Each structure stands twice: as structure tokens, then as C-alpha cells.
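Engineer: No sequence on hand, only this structure:
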């Protein structure tokens, strides 16, 4: 989209009080960076598919691979990213390692995204 395709003001008049009020509420750069990084994790359809499966049940890598028709290696790679982003957690039971959603925020984020695209 070219600059001239965007509606702009006819004159340049900065509303200083409004700008200051908005800047006062703006998170710091580190927090904005972390937020952008979190949303990058949601930018992969395989990771979204894994999260949807984990909405329904706690599963091991073998079960996830079977459910999504993928290799265990591919699933493990994506789970590592999801775990680093604190979107999933795991627990060991004997020789099995089970994965689940880290908390209900994960479901909320995905549900909000779905609502937005379905409008």
C-alpha cells in the first residue's frame, strides 16, 4: 500500500496533550518486543494445530504426532518453541512426557483471534 493510498490530514497539527497521554500509557520497548515475539509464535499453523489438540487433552509427543500426522521430531521441534514461550508445559510420568496448555490465557488468545477473523 503506497503512502498516498492512506487517508491523511490536510494540515499538520499535533495534539500535544493527546500525544502525551498516549505516550504515558505506552509500555516500554522491552515489553513491546516481548509481545511481538509472543505473537510470532502464533504465526505458525503447525503450532496453532498443536495448541488446538492440547485444548482437548494432555498428550505425549507420540500421540500428538499420530493425531496431526507428523513426525515426532517435527512435533518436538514445535513443542520446544511453545515451551520456551511458556504456552505449553510438560510433566513426566515414568517413561512418558505429557504436554498440556500452560494456562487458560493460551485458549483465550486463540479464541480472541478466531473471533476477530470470523467478524
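Structural biologist: Happy to help now that I have it. These numbers come from a predicted model, not from an experiment.
Engineer: which SS state does residue 92 fall under?
Structural biologist: Per DSSP: H, G, I helix; E, B strand; the rest coil, the local secondary structure of residue 92 is strand.
Engineer: ok, it - how many residues close by?
Structural biologist: When neighbours are counted by other Cβ atoms under 10 Å, residue 92 registers 8. For the C-beta atoms, the positions are set from N, CA and C on the backbone; glycine is no exception.
Engineer: Tell me who's in contact with the nearest residue to it once chain neighbours are set aside.
Structural biologist: The shortest distance from residue 92 to any non-neighbouring residue, by Cβ to Cβ, 6 or more residues apart in numbering, is to residue 98 (7.9 Å). Taking Cβ atoms under 8 Å, 6 or more residues apart in numbering as the criterion, residue 98 is in contact with 58-60, 90-92.
Engineer: beta partners for residue 98?
Structural biologist: When assigned by DSSP bridges, residue 98 has beta-bridge partners residue 60, residue 91.
Engineer: tell me, how many neighbours does residue 45 end up with?
Structural biologist: Burial measure for residue 45: 8 neighbouring residues, criterion other Cβ under 10 Å.
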